[in-house]
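Enquirer: Can you look at this prediction? I've put the sequence above it.
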There are 2 protein chains.
Amino acid sequence: MTKLRSVSSPSGDTKSRILAAATQAFSETGFYGTSINSIAEAVEIKKPSLLHHFSSKEKLYGAVLEQVSSRLMADLEHTIASTENEKQQLLNVMDGFYRWGKERPDEAILILREMLDNPQRAASAHNWYLAPWLEQLCELIRRGQQNGHFKNLEPMAFLYNMIGAQHYFVVSLPTLKQILSASDFKALLKQQREELLELITIRLFQ
Amino acid sequence: MTKLRSVSSPSGDTKSRILAAATQAFSETGFYGTSINSIAEAVEIKKPSLLHHFSSKEKLYGAVLEQVSSRLMADLEHTIASTENEKQQLLNVMDGFYRWGKERPDEAILILREMLDNPQRAASAHNWYLAPWLEQLCELIRRGQQNGHFKNLEPMAFLYNMIGAQHYFVVSLPTLKQILSASDFKALLKQQREELLELITIRLFQ
DNA sequence: TATTCACCCTACCAACCGGTCGGTAGCCTT
DNA sequence: AAGGCTACCGACCGGTTGGTAGGGTGAATA
């Protein structure tokens, strides 16, 4: 029997609305700087109602992180699976990472915040939200090296610099947007992208 | 008349002891996650005594940021002034930035936190603590290009990637230290440094 | 000797925090 | 009609926050 969702109270997606609001809030003001009350207000419910869906602030925060990291991981796997060539795989993954940062800056900032706030938790085995991501990419590069498509270099060190540059740039965007003119900002956005691609090309391919 | 500083109460440097403790605390737990009481405890005074030296939490935080950024700026100017060759200047500055991150990770994390927490404040004219820094470096590169020592590329985009990669790596160190073995960690530290130098070399000099 | 002043303290405050409690409204199943 | 369920709420709790008021102390100044 199909369940009818009442129109007057679309309560079924209250949970996801909370998650969305929490993602933005934690991203903007961090875990300690965000009160669950302010999140509840954004969803237009009261605090006890929020705590009905997520039994504690920590649980809510954890749910947000898990949603973000799982989406990131799924994107990576999909990207790698959809191409054969290692060179194109790497470029596509970097492109996906770039678009992720541009389209979901909240999530990019959140992941970085978590690394700063909670290095030991962020690092714990299956909990570092970029560890499996980086590991997959490392192996991709090693495959490319074995096939002779990539130059010989340390995959991890290389990747960390490229991912770091990209991630850092993304979280800087709100700041940059304010100190640069609109045209300068737009130009830098394009230039940085081309610069990073050029770096990857001359370091890995040539 | 020279003022004698009493030995029993070296109160003159209570202020700097507060600053040091605050730098560490804010770096570890952020502005909202840090209570002035915990800072006072670290200095072994009571909260009102701390508020006697810095009249509010915001003021203290501002003083910490100013101390960090002024030292960073002084280092940059000293480094540039102590060399003639643009190529060597750039390498020395990057080296200085690297050592800053290694020797004062607290400060590196703090600057990044400030960018996340307060993009509009962090960006405001004379208050973005890396803006003048980046500007000086940009001009250095432009000089090198005019002299024909550097390749032709967009200085800002290039710099942002290099600085970003380095800064990102530094703030990742606590996390990396926990997911890697001691030997792997040490190896990565060396490799990343060489990798970044290689990137600069082949992109800017060759 | 009297006064000032920097420094540190105890005691206190209103505001806010995360979280619990008892209870209500409405829907679904039996 | 009864019972159970989810979603939601007002009132409240203990505890912590940044900040204030005011008093004590000891050294420099006059």
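Expert: Done, it's in.

Enquirer: Reduced to three states, what does the residue most central in space within chain A come out as?
Expert: Computing the C-alpha centroid of chain A and ranking residues by Cα atoms, centre = their mean puts A:A108 first, at 4.0 Å. Under the three-state scheme (DSSP: H, G, I helix; E, B strand; the rest coil), A:A108 adopts helix.

Enquirer: anything in stretch A:143-162 near chain B?
Expert: Yes - using Cβ under 8 Å from any Cβ of the partner chain, stretch A:143-162 comes into contact with chain B via A:L153, A:E154, A:M156, A:A157, A:F158, A:Y160, A:N161, A:M162. For every residue, glycine as well, the C-beta is placed using N, CA and C.

Enquirer: Give the residue spans of chain A that score low on pLDDT.
Expert: Residue ranges of chain A with pLDDT under 70: A:1-12, A:120-129.

Enquirer: Quickly list the domain ranges of it.
Expert: Domain segmentation of chain A under automatic domain parsing yields A:1-55, A:65-204.

Enquirer: Highest mean neighbour count out of the ones you listed?
Expert: Among these, ranked by average contacts under mean count of other Cβ atoms under 10 Å in any protein chain shown, first place goes to domain A:65-204 (a mean of 18).

Enquirer: out of everything not next to it in sequence, what's closest to A:F54?
Expert: The spatial neighbour of A:F54 that comes closest, neighbours along the chain excluded (Cβ to Cβ, 6 or more residues apart in numbering or on different chains), is A:L60 at 3.9 Å.

Enquirer: What strand or helix carries the closest residue to A:I109 other than its chain neighbours?
Expert: Take A:I109 and drop its neighbours on the chain: the residue closest to it by Cβ to Cβ, 6+ apart is A:S27, 4.6 Å away. Per DSSP states H and E, A:S27 falls inside helix A:14-33.

Enquirer: quick one: contacts for the residue lying closest to A:F205 once chain neighbours are set aside?
Expert: With sequence-adjacent residues excluded and distances taken as Cβ to Cβ, 6+ apart, A:F205 is closest to A:K87, at 6.6 Å. Contact analysis of A:K87 by Cβ atoms under 8 Å, 6 or more residues apart in numbering or on different chains lists A:G144, A:H149, A:F150, A:F205.

Enquirer: wait, which of those residues is closest to DNA strand C?
Expert: A:G144 (46.1 Å; Cβ to the nearest atom of the strand).

Enquirer: picking up where we left off before, how much does the one helix or strand the residue nearest to A:F54 maps to deviate in direction from helix A:14-33?
Expert: Using DSSP H and E, the element containing A:L60 is helix A:57-81. Interaxial angle, helix A:57-81 versus helix A:14-33 (axes from the mean of the first three to the mean of the last three Cα atoms, to 10 degrees): 110 degrees.

Enquirer: mind checking how far helix A:57-81 is from the chain centre?
Expert: Relative to its parent chain, helix A:57-81 has a centroid offset of 8 Å by Cα atoms, centre = their mean, to the nearest Å.

Enquirer: Skipping adjacent residues, who's closest to A:E195 in space?
Expert: Once flanking residues are discounted, A:E195 sits nearest to B:A157: 4.1 Å by Cβ to Cβ, 6+ apart.

Enquirer: May I have the secondary structure class of the one you found?
Expert: On the basis of three-state DSSP, B:A157 is classed as helix.

Enquirer: residue contacts, the nearest residue to A:N161 once chain neighbours are set aside?
Expert: Spatial nearest neighbour of A:N161, excluding adjacent residues (Cβ to Cβ, 6+ apart): B:A165 at 4.1 Å. The neighbourhood of B:A165, defined by Cβ under 8 Å, 6+ apart, consists of A:Y160, A:N161, A:M162, A:G164, A:A165, A:Y168, B:L196, B:L199.

Enquirer: ok so, going back, could you measure the residue nearest to A:F54 against A:T23, distance?
Expert: 10 Å (Cβ to Cβ, to the nearest Å).

Enquirer: Now do the helices in chain A.
Expert: Here chain A has its helices, by DSSP state H, at A:14-33, A:36-43, A:47-53, A:57-81, A:86-103, A:105-117, A:119-123, A:131-146, A:155-179, A:182-200.

Enquirer: Let's have these in TSV, adding distance to DNA strand D.
Expert: Putting the helices of chain A into TSV (distance: least, Cβ to the nearest atom of the strand, whole Å) gives the following:
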stretch	distance to DNA strand D
helix A:14-33	4
helix A:36-43	7
helix A:47-53	3
helix A:57-81	12
helix A:86-103	28
helix A:105-117	16
helix A:119-123	20
helix A:131-146	31
helix A:155-179	24
helix A:182-200	34
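
Enquirer: Reformat these as a markdown table; add distance to B:I179.
Expert: What follows is the helices of chain A, written out as a markdown table (distance: least, Cβ to Cβ, whole Å):
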| stretch | distance to B:I179 |
| --- | --- |
| helix A:14-33 | 21 |
| helix A:36-43 | 30 |
| helix A:47-53 | 32 |
| helix A:57-81 | 15 |
| helix A:86-103 | 20 |
| helix A:105-117 | 11 |
| helix A:119-123 | 5 |
| helix A:131-146 | 6 |
| helix A:155-179 | 11 |
| helix A:182-200 | 24 |
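
Enquirer: can you tell which of those helices is closest to B:L173?
Expert: helix A:119-123 (8.7 Å; Cβ to Cβ).

Enquirer: Give me the spatial nearest neighbour of A:E77, chain neighbours excluded.
Expert: With Cβ to Cβ, 6+ apart as the criterion, A:E77 has its nearest non-adjacent residue at 7.6 Å, and that residue is A:Q136.

Enquirer: Contact partners for the one you found?
Expert: A:L76, A:E77, A:I80.

Enquirer: any chance of these in TSV, plus distance to B:K47?
Expert: Output for the contacts of A:Q136, formatted as TSV (distance: Cβ to Cβ, whole Å):
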residue	distance to B:K47
A:L76	48
A:E77	51
A:I80	54
